[in-house]
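In: need a 3D model of the sequence below.
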Amino acid sequence: MTRTALRVQDHIMAERKRREKLSQQFIALSAIVPGLKKMDKASVLEDAMKYMKQLQEQLKELQDQTKTKTMESVVLLKKSKLSIDGECSSSDENFDDRSSSLLPEIEARTTDKDVLIRIHCRNQQGVGMKILSEIENLHLSVLNSSVLVFGNSTLDITVIAQMDEEFSLTMKDVVKNLRSACLKLYQARALKPEDSP
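Out: Next comes the predicted model:
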């Protein structure tokens, strides 16, 4: 055989191997694309492209759901003042610094079963323990907590908790309950007669 004939023979063998490999890849592709009706290469490619687009749309939909579902957040700032019966009336102005210091700033965020709670409140004896106790009463298991003194008379409390099976509140309800617990504690301390000198 001449050298040219050998080259042609090698080319034919290489082309045969390439086609065999391509056929194997089409068989593998057809095995992972659901609902194939035709097995010719053009149909397999067309159905595979449709399936890929469908998967991309599902992925985008799941990502959008995750963005909206992942983080539920509620923040309650000092925009109210305590009224006589313990209920809160909405008022952004006309209240002195003493009444505004009674009201805590509370933020609650959730992602899946985890809850992050931040509370900025007046430093008062027992307030940290009262808040942790109230969190447990809401069917949240405290995983981690830190209580830091901020300035002379303020506490910054951060709690990471996990929802128990019985937990059924929204973050807004969690914030309301914690705020109510803080206000009750403040009221009880305010009503307590001061020690005489």
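
In: and what about residue 39, helix, strand or coil?
Out: Classification of residue 39 using DSSP: H, G, I helix; E, B strand; the rest coil returns coil.

In: any idea how far the residue lying closest to it once chain neighbours are set aside is from residue 51?
Out: Spatial nearest neighbour of residue 39, excluding adjacent residues (CB to CB, 6 or more residues apart in numbering): residue 30 at 6.1 Å. C-beta coordinates here come from the backbone N, C-alpha and C atoms, glycine included. Plainly put, residue 30 is 11 Å away from residue 51 if you go by CB to CB, to the nearest Å.

In: just to revisit the earlier point, tell me the phi and psi of the residue nearest to residue 39?
Out: Main-chain torsions, residue 30, degrees, to the nearest 10: phi -60, psi -30.

In: wait, it sits on residue 46?
Out: No - using CB atoms under 8 Å as the test, residue 30 is too far from residue 46 to be in contact (11.7 Å).

In: just want to know which of these two has more residues nearby.
Out: residue 30 (18 against 13; other CB atoms under 10 Å).

In: against residue 171, how distant is the more buried one?
Out: Taking CB to CB, one finds residue 30 at 48 Å from residue 171.

In: which pLDDT value goes with the residue most central in space within the chain?
Out: Centroid check for the chain by CA atoms, centre = their mean gives residue 111 as the closest residue, at 2.3 Å. pLDDT recorded at residue 111 is 83.

In: repeat that for residue 142.
Out: Value for residue 142, per-residue pLDDT: 92.

In: and what of residue 82?
Out: The model's pLDDT for residue 82 equals 34.

In: now the one 4 residues further on
Out: Confidence at residue 86, expressed as pLDDT, is 35.

In: show me the strands in this structure, by range?
Out: 72-76, 80-82, 88-90, 105-111, 114-122, 140-150, 154-163 (DSSP state E).

In: check which helices and strands the fourth one sits against.
Out: Meaning strand 105-111. On a contact count with 3 or more CB pairs under 8 Å, 6 or more residues apart in numbering; DSSP states H and E, strand 105-111 meets strand 72-76, strand 114-122, helix 171-191.
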